[in-house]
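Visitor: got a predicted structure here, sequence first:
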Amino acid sequence: MSVAAGIDVTAGTESAPRADARPAAEVTRGIEKMTITRALNEGLRRAMTESDRVVLMGEDIGQLGGVFRVTEGLQAEFGERRVLDTPLAESAIVGTAIGLAMGGFRPVCEIQFDGFVFPAFDQITAQLAKLTNRHEGALSMPVVIRIPYGGHIGAVEHHQESPEAYFTHTAGLRVVSPSTPHDAYWMIQDAIRSNDPVIFLEPKGRYWIKGDVDTADRAAPLHASRVVRQGTDVTLVGHGAIVAMLLQAAELAATEGTSIEVIDVRSLSPVDFEPIVASVHKTGRMVYVQEAPGFTSLGSEISATVSERAFYSLEAPVLRVSGWDVPFPPAKLEGAYLPDVDRILEAVDRSLAY
Amino acid sequence: MRVLSADGTFAPTPAAERYLPLIEGLADAELEQFYRDMVTIRAFDREATNLQRQGQMALWPPSLGQEAAQVGSARAARTQDHLFPSYREHVVCTIRGVDPVDIIRLMRGNTHGGWNPFDPANGNTHLYTLVLGAQALHATGLAMGIAFDGRSGSGDPERDEAVIVYYGDGASSQGDVHEAMVFAASYNAPEVFFLQNNQWAISVPVATQAKVPLYRRADGYGIPGAQIDGNDVLASFAATRAALDSARAGEGPQFIEAVTYRMGAHTTSDDPTKYRRRDEEHEWAGRDPIARFGSYLRGRGASERFFDEVDEAAREYANDTRVRTLALQPPEAETMFAHVYSEPHPRVQEQREWRRQYEATFDVAAAETGASE
C-alpha cells in the first residue's frame, strides 16, 4: 500500500469527537477497536444473522473473502446460498440482485473496484433506480451495492476512481459513504435495512485504519451528516477518505491559530444540509474537499446549496478542492491529482483572505 | 419443431413426436381458446395501431404475426409461473389477466409501468422493459431465488414454480441476455428463455445478429435449446410447456427459439418499406399463424358459427379498448413525485412542496385578476 503525500495513515479516526459525546463509562461498554474492513465484516455478519433474506453476491467474495477480505469467513459461516461467488459479470450481479429482490431477498452486491461498476450502469441507473417508481410503489428494491472507491492505494487504472456523482445524479438511488470503522459497522446494516437501493461507497484508502466501534449505539442515522470537529473560523466539508485529511488539516491550522470545523457528509444522497448550513452560519466560510473531479460533482451541489441557504452569512465564496478534471492518472501521479493537506490549507487561506 | 404445416394440416415433424402427448391432451375448448386469443389480440393490436395514428398514443409496437408464438407459450405457463415480457407481448399479458388498457396507458405516456405484477389478478406478469434484454437478468434473479427458496424442484408440477422471459433476435445480441444465460446455468435456475426470432430488429436482419441459428447458442451455455415454428401455436404450446416443466422440475434453464415474422412495423414510428422486400412479406403472409390454426380447427369440425362468434367478440374487445382509451385522463402532475423511493426522501418532498406552493400562486393571481374585473 502506498501512502499519498500528506496523509498520516496512523492517525486514527477515533480522535474525532462525537458531537453527542456520552459519559465515558457508558460509551466504553460496547466499544471495540477494529479496521473498516473488519467493521464491515461484522456489520454484514450481524445483518445476515438478523435476516436470512440477506444474501451477498459478488466476484471472489466467498472462498477468498473478497479481494479486500471484507466478506472473509461469511461463506463458511452462512453457506454458498447466502454468499454467492458469482460469475464475473457486473451487470448480471446487479440485474440478478434485482430479480432476487423481486422475490423478497435483500441482496448486497460487491463490485470489486470503483472502475468496474460501469458494466452495471444500466442495471443500476435505468433499472434498479427506477423500478419502485415504474411499479408505482408496489415493489421495493432493497438492494445494496458496495463499491470500494477512491485513491491512495497506488493501484492500476480503474482501481482508484470516485464515481459517486453518477449515482447521486440518479433519482431513486441513495448514496452513502462511511469514513470511520464505527460508521462502516452501522451504516452497512442500515443500508441493508433500507427498502430503497443504496450505493455504499467504501473509502478503500482507509480500509485498514483502526478505530473505535461502539456496537451498542449507532450514534447517527444513515442519512445524517455530522460535525466531527468543532471550530469557528472555517467549515471544511467532505466525505469518505477525505474526512481524515480534513481533520489533519484542522490540526495543522490550529497550530497557526485558525479554528476549523469539520463535517463528514456521510450521506451523499440525500444530503443532510442542516448541520452544514448551521456551521456556515457560524463560520461564514466553507471549503468542500473531494477526490472526485470537481465539475458537476457532489462538491458543486453542496456548494451551490450552501450559497443559496447561507448567503447572508458568507464572508467568502464557497470554495472547492477536487481531483482535477482529467482521467485519474497513473499511480505515480496520484499524489499530484488527489487533494492533500497543503491544497486544503491553501483553500482555507484563500477563504480567510476575503 | 412443427406440428401444423403452413396450410393447417396436422403433420408433426420428427422433432415434434415427443411433444404429441401434450397436444393430444388438449381439449377442444382449449384449442378454441388458443384461436380466440390470437384473433382477439390481432383485433386489439390493429385498434391500438389506429389509436396511435390518431394521436392517442406516443407509440405502439404491433404484435401482428407473432400471435402463435405468444399465445402458445403464455397458455403453456402454469398459474404459479412468472412471466417477463419484453414490450411486444400484448397477448401474453392479457392471457395472464392484465387489462389491455394498462398496456395502452404505458404507450400513451400516462405511466412508466401500467399494472402491478404482484396483484394476483395480473398473473405474475412483470412489467414491460424497453431497454433490450435488461429483463432477462431480472427473470434469472427471480428464478435463482425460487430455487434458493425451494419453490422448484420438488417434482410436483402443480406446485413448483418457473420463470419465462421473452425477448427477440435483436436483444439476443445484448450482453445482459448472455450474462443471464451464464447465471441461469451456473445456478440451475428454473427459467425458460423464449426468443422470438421475428427476423428483424427494426431494420437490422437476423443475419447481422447471428451467423448460426440462434437456438444453437444455448448449447454454449450448457442449456438445452430447441427451435420451433413460431407461427404454429401447438408447437409453441407444447415446447414451452415441456421446457417450463423441465425447468420447474430442477433440470435447469431451457431455451426456445420461436421462428416467426414481424408482419407489421417495428413500431408505429417505423417504415419497413425502407429496408425489406415486399415479396418477403408476402411469403410470410402465407404462413399466417391465425389462418393456419383456423384451417386446422375447421379440419377438426369447428363450425362457422364459432368463427363468426370469435370475430364478433374480438371486434367488441377492440371497441371496448377504444372507448376506454379515449376516456383516459392524464395523470396529476404530483404523481411524478410519488414512489421515487419506498421511504420518505427529503429532496423529493421539498420539491413537491415547493411546486405545490408555486402552483398555488397562480390560483391567487387568478383570484386577484378576477376580483379586479
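Guide: On my side now, so go ahead.

Visitor: neighbours around B:Ala285, how many?
Guide: Neighbourhood size, B:Ala285 [other CB atoms under 10 Å in any protein chain shown]: 12. Just so you know, the C-beta spots here come from the backbone N, C-alpha and C atoms, and that holds for glycine as well.

Visitor: ditto for the one 10 residues further on
Guide: Here the count is done by other CB under 10 Å, and B:Ser295 has 16 residues near it.

Visitor: swap in the one 4 residues further on?
Guide: The number of residues packed near B:Gly299 is 13, by other CB under 10 Å.

Visitor: got phi/psi on it?
Guide: Reported as degrees, to the nearest 10, the phi and psi values for B:Gly299 are phi -60, psi -30.

Visitor: residues in contact with it?
Guide: By CB atoms under 8 Å, 6 or more residues apart in numbering or on different chains, the residues touching B:Gly299 are B:8-10.

Visitor: quick check: B:Asp81 vs B:Leu195, distance?
Guide: For B:Asp81, the distance to B:Leu195 equals 18 Å [CB to CB, to the nearest Å].

Visitor: re the thing from before, and the contacts of B:Gly299, which are buried?
Guide: The neighbour count (16 or more other CB atoms under 10 Å in any protein chain shown) marks B:Gly8 as buried among those.

Visitor: from the contacts of B:Gly299, which single one is nearest B:Thr268?
Guide: Nearest to B:Thr268 out of the contacts of B:Gly299 is B:Gly8 (CB to CB; 30.9 Å).

Visitor: so the closest one touches B:Ser295, yeah?
Guide: Yes. Assessed by CB atoms under 8 Å, B:Gly8 is found in contact with B:Ser295 at 2.7 Å.

Visitor: so how far is the first residue of stretch B:94-101 from its last?
Guide: The straight-line separation of the ends of stretch B:94-101 (CA to CA, to the nearest Å) is 10 Å.

Visitor: re earlier: looking at B:Asp81 and B:Leu195, which is more packed in?
Guide: Neighbour count, other CB under 10 Å: between B:Asp81 and B:Leu195, B:Leu195 has more, with 27 against 23.

Visitor: just after the helix or strand hosting that one, pick out the following helix or strand.
Guide: In this structure, B:Leu195 is located in strand B:191-197 according to DSSP states H and E. Counting by DSSP H and E, the next helix or strand C-terminal to strand B:191-197 is strand B:200-201.

Visitor: what pairs with the next helix or strand after that next one, parallel or antiparallel?
Guide: Beyond strand B:200-201 on the C-terminal side, the first helix or strand identified by DSSP H and E is strand B:204-205. As defined by DSSP bridges, the strand partners of strand B:204-205 come to strand B:200-201 (antiparallel).

Visitor: determine how far the strand it pairs with lies from the middle of the whole chain.
Guide: Offset of strand B:200-201 from its chain centre (CA atoms, centre = their mean, to the nearest Å): 16 Å.

Visitor: repeat that for stretch A:48-55.
Guide: For stretch A:48-55, the distance to the chain centre is 23 Å (CA atoms, centre = their mean).

Visitor: stretch A:323-340 now?
Guide: Relative to its parent chain, stretch A:323-340 has a centroid offset of 19 Å by CA atoms, centre = their mean.

Visitor: end to end on that stretch, go ahead and measure it.
Guide: This stretch, stretch A:323-340, spans 10 Å end to end (CA to CA).

Visitor: likewise for stretch A:160-172?
Guide: First-to-last distance for stretch A:160-172 - CA to CA - comes to 26 Å.

Visitor: ranges for the helices of the stretch 251-354 of chain A?
Guide: Using DSSP state H, counting those that start in this stretch, the helices of the stretch 251-354 of chain A run over A:274-283, A:298-309, A:334-337, A:341-353.

Visitor: err, the stretch 51-200 of chain A, not the other one
Guide: Taking DSSP H, counting those that start in this stretch, the helices of the stretch 51-200 of chain A run over residues A:74-78, A:90-102, A:121, A:131-134, A:164-168, A:181-193.
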